[in-house]
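> whatever this is, show me its structure:
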Amino acid sequence: MATRLYLPSSGTSALNSLVDDSGWDEVSGTFFRAPMSITKTDTALTDFYSALSVGGQYNAIFAQWVSAPLADDYSFTTSDTIDFVAKVIEDATENDTYWGYKGRVVSNTGSEVIGSFASGLTVQRATEFPYSAASTRTMSYICAAVSAVATDRLVFELGTYENWTGGGATIRLGDPSGTGDFALTDSLTTDLCPWLELSPNLTFSEEEGEEAPVSSYMSLRRGMW
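Modelled structure (predicted):
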């Protein structure tokens, strides 16, 4: 059973000052941080626009989401996958806009970056964003190996990668509770909820109403013992 996580357009991140990954070239002027959970938080579907300040091959981060603490240890492998879908549009045909994204595991407080389970910041991946009308673009990716332990958090950062001569792009984000989810399909023009999905079945302690255990393995890795 996979783990679907929603991408709200607002909210208070548990790590509201967590630095974005160093691989991003630029931070969008509408950049925000928010929580990421397996349940919808009923934020409105909202357009976020970014025009890059320089030309050429460049990426920009639009948003960063942080999960609740993991309830159990989990080691991502190359047998795991990550999929996501959202509605997008570029504002010039010459932009050559594609998804930019980063998935990381961090310690509970964000003080330690454990590793990355997904990274697409420097290459054109999947299908270029549409120009004439906003529609969905998907991404499906094989995860990289990284080991997480109980109380670690997942961080997902989303933006664009462009090879352009001028212009920008818009991503529509939010998770209204009364609205259905997009299918994992390109070119849908309906107004539904974007999402991120990881193939493993993960559980998160705060959403289960209980405190995650501190394993001896975590203590050893964090240098507590």
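> list the contacts of T78.
I142, C143, A144, A145 (CB atoms under 8 Å, 6 or more residues apart in numbering). Heads up, the C-betas are built off the backbone N, CA and C, glycines and all.
> what's the distance between I89 and V123?
Distance of I89 to V123, given as CB to CB, to the nearest Å: 21 Å.
> settle it for me: which of these two has more neighbours?
Neighbours per residue (other CB atoms under 10 Å) separate I89 from V123, with I89 holding more: 20 against 10.
> now that one: closest residue in space, sequence neighbours ignored.
A134 (4.0 Å; CB to CB, 6 or more residues apart in numbering).
> and what of R4?
The spatial neighbour of R4 that comes closest, neighbours along the chain excluded (CB to CB, 6+ apart), is E197 at 4.7 Å.
> and the one you found, how many neighbours does it have?
Neighbours of E197 using other CB under 10 Å come to 16.
> quick one: the strands in this protein?
With DSSP state E as the criterion, the chain has strands at 3-6, 26-36, 46-51, 56-67, 74-76, 81-90, 97-106, 113-120, 135-142, 146-148, 153-164, 168-173, 195-198.
> now render those strands as TSV, adding mean pLDDT and distance to T12.
Formatted as TSV, these follow (pLDDT from 0 to 100; distance: least, CB to CB, whole Å):
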stretch	mean pLDDT	distance to T12
strand 3-6	98	15
strand 26-36	95	7
strand 46-51	93	16
strand 56-67	93	10
strand 74-76	98	25
strand 81-90	97	21
strand 97-106	96	17
strand 113-120	97	21
strand 135-142	96	27
strand 146-148	98	23
strand 153-164	92	14
strand 168-173	95	16
strand 195-198	98	19
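> redo these as a markdown table? Include distance to D20.
Output for those, formatted as a markdown table (distance: least, CB to CB, whole Å):
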| stretch | distance to D20 |
| --- | --- |
| strand 3-6 | 18 |
| strand 26-36 | 7 |
| strand 46-51 | 13 |
| strand 56-67 | 5 |
| strand 74-76 | 20 |
| strand 81-90 | 17 |
| strand 97-106 | 8 |
| strand 113-120 | 11 |
| strand 135-142 | 18 |
| strand 146-148 | 18 |
| strand 153-164 | 6 |
| strand 168-173 | 15 |
| strand 195-198 | 17 |
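> would you tell me which of those strands gets closest to T127?
Nearest to T127, of all the strands of the chain, is strand 135-142, at 5.7 Å by CB to CB.
> that closest one pairs with which strands, and in what direction?
The sheet places strand 135-142 alongside strand 81-90 (antiparallel), with pairing taken from DSSP bridges.
> would you mark the buried spots in the partner strand?
For strand 81-90, the neighbour count (16 or more other CB atoms under 10 Å) marks I82, D83, F84, V85, A86, K87, V88, I89, E90 as buried.
> go on, stretch 107-118?
Neighbour counts over stretch 107-118 (16+ other CB under 10 Å) mark S107, N108, G110, V113, I114, S116, F117, A118 as buried.
> what count of nearby residues applies to L52?
21.
> G103 too?
25.
> again with D21
Should you count by other CB under 10 Å, D21 turns out to have 18 residues around it.
> quick check: it vs G11, distance?
20 Å.
> same deal with L202?
According to CB to CB, L202 and G11 sit 20 Å apart.
> now do A134
23 Å.
> again with G174
Taken as CB to CB, the span from G174 to G11 is 11 Å.
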